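what's the 3D shape of this:
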Amino acid sequence: MNNAGSHRLFRPESASRSLGFYIPATAAARAIGLARGILLARLISEHEFGLFQITILTINVLNPLCALGLNEGITRYVPMYETRGTLRPYLRRVVPFIAAVALLTSAILFAAAQPVGRLIYATVPASGGGPGADPEAVATWTGLTRIAAGTTFGIVVYFLLLAILKGLRMFRAVSLLELLNNLLFTLLTIVVACSGRPTAGAMTACGLASVVLLVPLFAFPMRRTIVDTPSRSESRASTSTTSTDEERAAGFIPAHDEIDVPFLASQPSGEVTADATAPIVQLLRFSFWAAVTAVIWQALQYYPMWFLQKTHGPSVTAVFGGVRLITQAVVVGAVTVVAVVQTSVTKTWEAEGHAPADRRLRLAYKATSLLMLVGCVAFAAAAGPIMRLFPRSYGIGVAIVPLCLMFFLISGHLTFLAIHFALIEKMRHLLWPWALGLVGNAVFGLLLVSPRIPPAQALVGAAWAGNLGITAGLLVTVWLLYRERRPIDIGTIVLWAAIYVLALPVWTQLIGTALILLLAAASPAIFTREEKHEIRQFVTERAAILRPRGRTSE
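Model prediction:
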């Protein structure tokens, strides 16, 4: 990678420019992932494909566990240290620490592969997961768990690199890295499957090989672009401390912040703090709750499929999983936007102040929420034709498409609202919405799903169990935002209520969404006049970026 190309790739971007290429790149990466799933379902046996899916789910849960959620903290604090001009010494301390933690936890998992493998794969009928499991089954799940442990370490390092790139707002590099990783992973799995190794373990190892090849290719050029120069806003802030006291008195900064370590005060350029452990302590305090909530989120997302497997077997579970596979694009889109908005808002929070950051976050949240709602309703209206992509037996899943869209729409809202807690450094609040959602999902699942009801009814019951549970989580989130005095306007409340039009018949969904769009365009109920002006300005900027260069004047 030459210096000129490296400079173009590893440079910070504004939120508007970042969205222009990050969203299309994420969509392309997701399309590659879907194609990989379809191809592997044809290239390897159902048994191995099922084991592969469970192994991938296991890695998704192990990733935040083995990293202790520290990568979430990296994304939060990189903009702060970049602003202060002390990013290099900060990364020299925290990156080796995160890698060491991931290596230690992955090694423990590797050593305990047999009992952990029994816990993970015992629910797979083909694994023979009972106390009397045959030696071949034990060897299979032990080997898979060891491969999962090694792959988890590689994935932690991969997400660490992504976290740093996102914190630096280098979304061109993020986009290319994610796209190349999906493409390389897909190519490797196809080659391996066609060359006589069509096993779940071999497919999982391809994921490890992909990140091992790509991480150094991006990490070393990125390292050369980091320059420790304090921003002008940080220099001004270091000469006056009265604004912090005023903001605390106004309620912008909690009187008893949970992050109570010395290095939160402004430090001289080129020096993080005299205490070498302070950045690690700060990172641990911030990230602990992020790790817990990430694990709970994975359990919440997959609990309905696990429960359907227990009550109705793999055929019904396959239908539910197929619908969730195509409808989770909603939350993938939300996470993509959040990745851009969070780093941009965090930079504003640190460099310009809390009020400008809150204004930008509120506008981005409302605009994204409205777009997600419109997309979900359009998807629900086309549910029939879309489900024809699956075999005919999947047709009973059409009824739960709007309900699954609702689940992921609420998930998208919660993902966006989590930025508030990241800004005020109270990530512990994220535990309660996800935990309550998981408990509610389990309780409503017991009430709405049983082995005695037909498959179609079981699908609807499982979908409603997920929605009722996660709605409880949304209500808790709203209460926590109010308690922390985070800004909530009437437009935000309207968009929260609009989520539930997806529970209505399709024609009612279309009418309701049209009314909400009219309300947004013709009144200040959702967007103020200033916010509408910013939206028009954003659209104009995007159009200028997308316009061919030959038609623009320099």
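
from here on, contacts and neighbour counts on C-alpha atoms
Will do.

so what's the backbone phi/psi at the residue nearest to the spatial centre of the chain?
Centroid-nearest residue in the chain: residue 335, 4.7 Å away (criterion: C-alpha atoms, centre = their mean). Note on residue 335: backbone dihedrals following degrees, to the nearest 10 are phi -60, psi -40.

number the residues from 37 up from this point.
Sounds good: first residue 37 from here, last item residue 371.

any idea how far it is from residue 122?
Plainly put, residue 371 is 28 Å away from residue 122 if you go by C-alpha to C-alpha, to the nearest Å.

surely residue 410 is in contact with residue 549?
Yes. Assessed by C-alpha atoms under 8 Å, residue 410 is found in contact with residue 549 at 6.8 Å.

which strands and helices sit next to the helix or strand hosting residue 210?
Residue 210 is part of helix 207-230, with elements assigned from DSSP states H and E. The elements that helix 207-230 packs onto, with contact taken as 3 or more C-alpha pairs under 8 Å, 6 or more residues apart in numbering; DSSP states H and E, are helix 51-79, helix 171-203, helix 236-261.

looking at the ones you listed, which is nearest to residue 219?
Minimum separation from residue 219 across the helices and strands packed on helix 207-230 (C-alpha to C-alpha) falls at helix 51-79, 6.6 Å.

tell me which helix or strand comes right after the closest one.
The helix or strand immediately downstream of helix 51-79 is helix 82-103, counting by DSSP H and E.

quick one on the thing from earlier: who's in contact with the helix holding residue 210?
With C-alpha atoms under 8 Å, 6 or more residues apart in numbering as the test, helix 207-230 has contacts from 45-49, 54, 57-58, 61-62, 64-65, 68-69, 72, 75-76, 79-80, 198, 201-202, 234-235, 238-239, 242-243, 245-247, 250, 254, 376.

rerun at 6 Å
Helix 207-230 has contacts (C-alpha atoms under 6 Å, 6 or more residues apart in numbering) with 45, 54, 58, 61, 65, 72, 239, 242-243, 246.

let me know the closest of the residues you listed to residue 431.
Looking across the contacts of helix 207-230 and measuring by C-alpha to C-alpha, the closest to residue 431 is residue 72, at 22.6 Å.

quick one: the helices in the stretch 337-486 of the chain?
Secondary structure of the stretch 337-486 of the chain (DSSP state H, counting those that start in this stretch): helices at 350-363, 365-387, 390-417, 419-423, 437-459, 467-484.

now the last one, how far from the centre of its chain.
Here the centre of mass of C-alpha atoms in helix 467-484, compared against the chain's by C-alpha atoms, centre = their mean, to the nearest Å, lies 20 Å away.

how about the next helix or strand after that helix, which residues are buried there?
With elements assigned by DSSP H and E, the helix or strand that comes after helix 467-484 is helix 491-519. For helix 491-519, a neighbour-count test (16 or more other C-alpha atoms under 10 Å) marks 491-510, 512-514, 516-517 as buried.

okay, who's weakest in the contacts of helix 207-230 by pLDDT?
Ranked by pLDDT, those bottom out at residue 54, which scores 63.

can I get the CA coordinates of stretch 231-251 in PDB?
Provided in PDB are the C-alpha atoms of stretch 231-251 (Å, rounded to 0.1, in the frame of the first residue of the first chain):
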ATOM      1  CA  SER A 231     -11.500 -29.400  -2.100                       C
ATOM      2  CA  GLY A 232     -12.700 -32.200   0.100                       C
ATOM      3  CA  ARG A 233     -13.000 -30.600   3.500                       C
ATOM      4  CA  PRO A 234     -16.700 -29.800   3.800                       C
ATOM      5  CA  THR A 235     -16.800 -29.700   7.600                       C
ATOM      6  CA  ALA A 236     -17.900 -27.100  10.200                       C
ATOM      7  CA  GLY A 237     -14.400 -27.000  11.600                       C
ATOM      8  CA  ALA A 238     -12.800 -26.200   8.300                       C
ATOM      9  CA  MET A 239     -15.300 -23.500   7.500                       C
ATOM     10  CA  THR A 240     -14.700 -21.900  10.900                       C
ATOM     11  CA  ALA A 241     -10.900 -22.000  10.400                       C
ATOM     12  CA  CYS A 242     -11.400 -20.100   7.100                       C
ATOM     13  CA  GLY A 243     -12.700 -17.200   9.200                       C
ATOM     14  CA  LEU A 244      -9.600 -17.200  11.300                       C
ATOM     15  CA  ALA A 245      -7.400 -17.300   8.200                       C
ATOM     16  CA  SER A 246      -9.200 -14.300   6.700                       C
ATOM     17  CA  VAL A 247      -8.600 -12.000   9.700                       C
ATOM     18  CA  VAL A 248      -5.000 -13.200  10.100                       C
ATOM     19  CA  LEU A 249      -4.300 -12.200   6.500                       C
ATOM     20  CA  LEU A 250      -6.100  -8.800   6.600                       C
ATOM     21  CA  VAL A 251      -5.300  -7.300  10.000                       C
END
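
residues in contact with that stretch?
Stretch 231-251 is contacted by residues 80, 84, 87-88, 180, 187, 190, 220-221, 224-225 when judged by C-alpha under 6 Å, 6+ apart.

just the mean pLDDT for the helix holding residue 210, thanks.
Computed over helix 207-230, the mean pLDDT rounds to 89.

ditto for stretch 371-389
pLDDT averaged over stretch 371-389 gives 76.

likewise stretch 407-418?
The predicted model gives stretch 407-418 an average pLDDT of 92.

could you export it as PDB, CA atoms only?
The C-alpha coordinates for stretch 407-418 follow below in PDB (Å, rounded to 0.1, in the frame of the first residue of the first chain):
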ATOM      1  CA  LEU A 407     -36.000   5.800   7.400                       C
ATOM      2  CA  MET A 408     -36.000   2.500   9.300                       C
ATOM      3  CA  LEU A 409     -39.800   2.700   9.800                       C
ATOM      4  CA  VAL A 410     -40.400   3.400   6.100                       C
ATOM      5  CA  GLY A 411     -38.100   0.500   5.100                       C
ATOM      6  CA  CYS A 412     -39.700  -1.900   7.400                       C
ATOM      7  CA  VAL A 413     -43.200  -1.100   6.200                       C
ATOM      8  CA  ALA A 414     -42.100  -1.500   2.600                       C
ATOM      9  CA  PHE A 415     -40.500  -4.800   3.400                       C
ATOM     10  CA  ALA A 416     -43.600  -6.000   5.200                       C
ATOM     11  CA  ALA A 417     -45.800  -5.100   2.200                       C
ATOM     12  CA  ALA A 418     -43.500  -7.300  -0.100                       C
END
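
in it, what counts as buried?
Buried, per 16+ other C-alpha under 10 Å, within stretch 407-418: 408-410, 412-413, 415-417.

low pLDDT regions in the stretch 37-186 of the chain?
The model of the stretch 37-186 of the chain has pLDDT under 70 over residues 37-43, 47-57, 82-83, 86, 158-170.

mark which of the contacts of helix 207-230 are buried, thanks.
45, 54, 58, 61, 65, 72, 239, 242-243, 246.

would you list these in JSON lines and tack on distance to residue 97?
Converted to JSON lines, the buried ones among the contacts of helix 207-230 look like this (distance: C-alpha to C-alpha, whole Å):
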{"residue": "45", "distance to residue 97": "31"}
{"residue": "54", "distance to residue 97": "29"}
{"residue": "58", "distance to residue 97": "25"}
{"residue": "61", "distance to residue 97": "25"}
{"residue": "65", "distance to residue 97": "21"}
{"residue": "72", "distance to residue 97": "21"}
{"residue": "239", "distance to residue 97": "18"}
{"residue": "242", "distance to residue 97": "19"}
{"residue": "243", "distance to residue 97": "16"}
{"residue": "246", "distance to residue 97": "20"}
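
which one of the residues you listed is nearest residue 435?
residue 72 (26.4 Å).

would you mind measuring from the residue nearest to the closest one when sequence neighbours are not counted to residue 88?
Nearest non-adjacent residue to residue 72, counting by C-alpha to C-alpha, 6 or more residues apart in numbering: residue 222, 5.6 Å away. In this view, residue 222 and residue 88 are 14 Å apart by C-alpha to C-alpha.

before we move on, what about residue 199?
Look at residue 199 and residue 88: by C-alpha to C-alpha, they are 26 Å apart.

please apply the same query to residue 373.
29 Å.

got it, and residue 103?
22 Å.
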